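Engineer: Sequence plus the predicted model coming up.
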2 protein chains.
Amino acid sequence: LRIALVGVGLIGGSIGLAARQRLGASVAGYDADAEALTAGTGRGAIDLSCASVADAVTDAQAAFVAVPVGVLPGAVESVLMAAPADCVVTDVGSTKRAIVAAVDDPRFVGGHPLAGAETAGVQHARADLFDGATWYLTPSPATSGILYERLHRLLRGIGASPTAIEADTHDTILATVSHLPHVLANVLVAQAAQTLAAGEERLPATGPSFRDATRVAGAPSPIWTDIYISNRDTLAARIDETIARLADVRDALRSADSARVTVWNDAAAADRRRLLEAELAGGPLFELRASVPNRPGVVARMALELGRAGVNITDMALYPAPDMSEGVVALWIAGEEHSRRAEQLVSELGFPVARA
Amino acid sequence: LRIALVGVGLIGGSIGLAARQRLGASVAGYDADAEALTAGTGRGAIDLSCASVADAVTDAQAAFVAVPVGVLPGAVESVLMAAPADCVVTDVGSTKRAIVAAVDDPRFVGGHPLAGAETAGVQHARADLFDGATWYLTPSPATSGILYERLHRLLRGIGASPTAIEADTHDTILATVSHLPHVLANVLVAQAAQTLAAGEERLPATGPSFRDATRVAGAPSPIWTDIYISNRDTLAARIDETIARLADVRDALRSADSARVTVWNDAAAADRRRLLEAELAGGPLFELRASVPNRPGVVARMALELGRAGVNITDMALYPAPDMSEGVVALWIAGEEHSRRAEQLVSELGFPVARA
């Protein structure tokens, strides 16, 4: 297995470490920053330090573009130009709509691991960074099924849980669970700094709720300005919702309406419980086998359908027929109910499916 | 040393454990909930289980009222009625303006430890809960200096860092660093639940920023509704500020103004850095000795003046003259600069002061 890394930072470096240690892969790396490349070699994240993108992707079966969102389109384009015809190319950017819209190539699958949020250099890279982490994949109708399955398996191999999702949905969810929390953290520290400064140089004694709520405040602008801007429409809409909800609470407070405050707070407790329960959902693994034509987009469509229904594909394998005209896709799904739902959905897509 | 606890939950129980283990105190406890009382005895938080407030405060040198904010005024009133004339009485409520305004007694000092935010029962009580934690004290002009100093010393003895602060300032700061983060956490989980529900029953894969930002969401309404309501004016004003700041960011996003987003994000990073640095401030201890008249309010005024200037009193001791007409207050202040500032402030209050 030969992997190419374009961008050797925390995420790229951790992919390299995990792929080398767990999959015995050979990892070629390129970074525009020569120091990062040296550090990546020293850290053991790459075993081949390359002077160009083209060198890095030579003979690669998978290429990861792990650069900031702002320079992502150009980097993906140059990787696709240089990469072999059977190399799957993916990225790790925090927003997906823009990059997916910009690329039309059967080798490309947008990706986003929910790990390593604290942006840091390759010196913090760890082989276990992705253990148990959701890794969103946003295949397009053009995406090759064989390459999608290879990427899915590779990500499982480095510890992650790949989940297919539409790029739009991804950006909406991330606006809510990541970009908006970052915005609120920024606003909170700004307000606290102002409040505390107002009383001369008072020593602020902040509690754990404040520390938790502001841990991500002021994340590095070279990364985050581009994330905010690339997801600006969705994020602005989420901020409008936040403002409306805050105005509601403020009104309840101003009218000293204890009953309304309690209803609001109890609802938040219930929401939090539901979110936690959903995250802990799972169960024993069931295997399904479906026969599918070997056409671009088929596996991607199946993965997206299941993802849309909230069914997570714990593992998958593709067994092509000798003439490559069709193949069997094996899917492993956690939980009796989810596996039944998956069986039904695959069947509704028109593919013969059975429990193994 | 005999201590009374009225309310044996996480906070009360932890005070009891620490006072027994570290100060060799005898701890009498009362709780309206008989089960809490039994649990508190089993946990070793109290060594005398009492059937009434009056029984608990008999012969006590210090009484802690550790009950929810909503029932605080009544509980403090009944403790003051039953407590000995030389017993310091304090509370641990999260808001201070209302209770301080309701009580006018030289024995009372409002208090609020910044620890144990996760409301839980006495079974989670720990002797080290307050180690290093700021413990706000809100003495009034009526507060006895001798009793204030006793409470300060007692709190140091159980590991906390007492800091005097005006009740108004306390509630403004807490609105910013605690109540507002709780409100935002509630709003975030509500938005996330709505977003995720919109896409059928999709499994939400939330990142670390979301988990951190929402850890305190839906805190128990029996406690928190009263906190929100008792601090409603200040909190509503903070929410209005948040709304204004959010509207600014949204406008910058809608106009795709990268430069403005960067300036805003960099400012948040600087604010966060300043808040962290302020929290880490300190240095070697310096001792100051001031001669003060033995009148109610003098020590409280001194503590408040220093607190207002951001000077933390690490430790204090009061040495009354034999005729009790005046006394020497020893103050230990961390850091050369802060100790100089303290010396100046005490001198400006009209009290002779010298470095020991």
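Structural biologist: All right, it came through fine. Quick caveat: nothing in here was measured; it's all calculated off a predicted structure.

Engineer: show me where pLDDT drops low in the stretch 251-356 of chain A?
Structural biologist: Scanning the stretch 251-356 of chain A for pLDDT under 70 picks out A:277-283, A:321-322, A:324.

Engineer: Helices of that one, start to end?
Structural biologist: Taking DSSP state H, counting those that start in this stretch as the criterion, the stretch 251-356 of chain A carries its helices at A:258-280, A:298-308, A:336-348.

Engineer: Just tell me which of these ends up closest to chain B.
Structural biologist: helix A:258-280 (2.7 Å; C-beta to the nearest C-beta). Any C-beta I mention is one placed from the backbone N, CA and C, and that applies to glycine too.

Engineer: now that closest one, how far from the chain's geometric center?
Structural biologist: Taking the mean of its C-alpha atoms, helix A:258-280 sits 26 Å from the chain's own mean (C-alpha atoms, centre = their mean, to the nearest Å).

Engineer: Remind me what that helix packs against, helices and strands.
Structural biologist: Helix A:258-280 is packed against helix A:232-254, helix B:180-198, helix B:221-230, with contacts defined by 3 or more C-beta pairs under 8 Å, 6 or more residues apart in numbering or on different chains; DSSP states H and E.

Engineer: for the residue lying closest to residue A:186 once chain neighbours are set aside, what are its contacts?
Structural biologist: Closest residue to residue A:186 apart from its sequence neighbours, by C-beta to C-beta, 6 or more residues apart in numbering or on different chains: residue B:268 at 3.7 Å. Residues in contact with residue B:268 (C-beta atoms under 8 Å, 6 or more residues apart in numbering or on different chains) are A:185-187, A:189-190, A:217-218.

Engineer: Which of the residues you listed sits closest to chain B?
Structural biologist: Lowest distance from chain B to these (C-beta to the nearest C-beta) belongs to residue A:218, with 2.7 Å.

Engineer: So for that closest one, what's the pLDDT?
Structural biologist: pLDDT for residue A:218: 87.

Engineer: now it, what's its secondary structure?
Structural biologist: On the three-state scheme (DSSP: H, G, I helix; E, B strand; the rest coil), residue A:218 is labelled coil.

Engineer: Please tell me how far the closest residue to it other than its chain neighbours sits from residue A:216.
Structural biologist: Ranked by C-beta to C-beta, 6+ apart and with sequence neighbours excluded, the top spatial neighbour of residue A:218 is residue B:269, at 2.7 Å. Per C-beta to C-beta, to the nearest Å, residue B:269 is found 11 Å from residue A:216.

Engineer: For residue A:229, which residues are in contact?
Structural biologist: B:253, B:256, B:258, B:261.

Engineer: Turn those residues into a markdown table, including neighbour count and distance to residue A:3.
Structural biologist: Formatted as a markdown table, the contacts of residue A:229 follow (neighbours: other C-beta atoms under 10 Å in any protein chain shown; distance: C-beta to C-beta, whole Å):
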| residue | neighbour count | distance to residue A:3 |
| --- | --- | --- |
| B:253 | 24 | 36 |
| B:256 | 13 | 35 |
| B:258 | 17 | 33 |
| B:261 | 23 | 34 |
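
Engineer: Now flag whichever of those is closest to residue B:136.
Structural biologist: Closest to residue B:136 out of the contacts of residue A:229 is residue B:261 (36.2 Å), distances taken as C-beta to C-beta.

Engineer: so which of the helices of the stretch 251-356 of chain A comes closest to residue B:40?
Structural biologist: Residue B:40 lies closest to helix A:258-280 among these, at 26.0 Å (C-beta to C-beta).

Engineer: so the closest one versus helix B:232-254, what angle?
Structural biologist: Interaxial angle, helix A:258-280 versus helix B:232-254 (axes from the mean of the first three to the mean of the last three C-alpha atoms, to 10 degrees): 50 degrees.

Engineer: now the angle between helix B:221-230 and helix A:258-280, please.
Structural biologist: Using the same axes, to 10 degrees: helix A:258-280 against helix B:221-230 is 130 degrees.

Engineer: quick one: helix A:258-280 to helix B:180-198, angle?
Structural biologist: Using the same axes, to 10 degrees: helix A:258-280 against helix B:180-198 is 60 degrees.

Engineer: Buried residues in helix A:258-280, which are they?
Structural biologist: A:258, A:260-262, A:264-265, A:268-269, A:271-272, A:274-275, A:278 (16 or more other C-beta atoms under 10 Å in any protein chain shown).

Engineer: The residue nearest the centre of chain A sits in which helix or strand?
Structural biologist: Chain A has residue A:112 as the residue nearest its centroid, 2.4 Å off, counting by C-alpha atoms, centre = their mean. Using DSSP states H and E, residue A:112 sits in strand A:108-113.

Engineer: just residue A:98 next, same as before
Structural biologist: Element membership of residue A:98 [criterion: DSSP H and E] is helix A:97-102.

Engineer: on that earlier part again, check the gap between the residue nearest to residue A:186 and residue A:216 for me.
Structural biologist: 10 Å.

Engineer: shared neighbours of the two, which are they?
Structural biologist: Joint contacts of residue B:268 and residue A:216 (C-beta under 8 Å, 6+ apart) are residue A:185.

Engineer: ok, back up a step: who wins for proximity to residue B:170 among the helices of the stretch 251-356 of chain A?
Structural biologist: That would be helix A:258-280 among the helices of the stretch 251-356 of chain A, by C-beta to C-beta, at 20.9 Å.

Engineer: circling back: for the contacts of residue A:229, which two are the farthest from each other?
Structural biologist: Checked with C-beta to C-beta, those reach their widest spread between B:253 and B:258, with 9.9 Å between them.

Engineer: Distance-wise, check residue A:237 relative to chain B.
Structural biologist: Separation of residue A:237 from chain B (C-beta to the nearest C-beta, to the nearest Å): 9 Å.

Engineer: Excluding chain neighbours, what is closest to that residue?
Structural biologist: Nearest one to residue A:237, counting by C-beta to C-beta, 6+ apart, is residue A:175 at 7.8 Å.

Engineer: That neighbour reaches residue A:233, doesn't it?
Structural biologist: No - assessed by C-beta atoms under 8 Å, residue A:175 is found out of contact with residue A:233, at 9.2 Å.

Engineer: The two - which one has more neighbours?
Structural biologist: Taking neighbours as other C-beta atoms under 10 Å in any protein chain shown, residue A:175 and residue A:233 compare with residue A:175 leading, 25 against 14.

Engineer: so what's the more buried one scoring on pLDDT?
Structural biologist: pLDDT for residue A:175: 91.

Engineer: Tell me which residues touch it, please.
Structural biologist: A:231, A:234-235, A:237-238.
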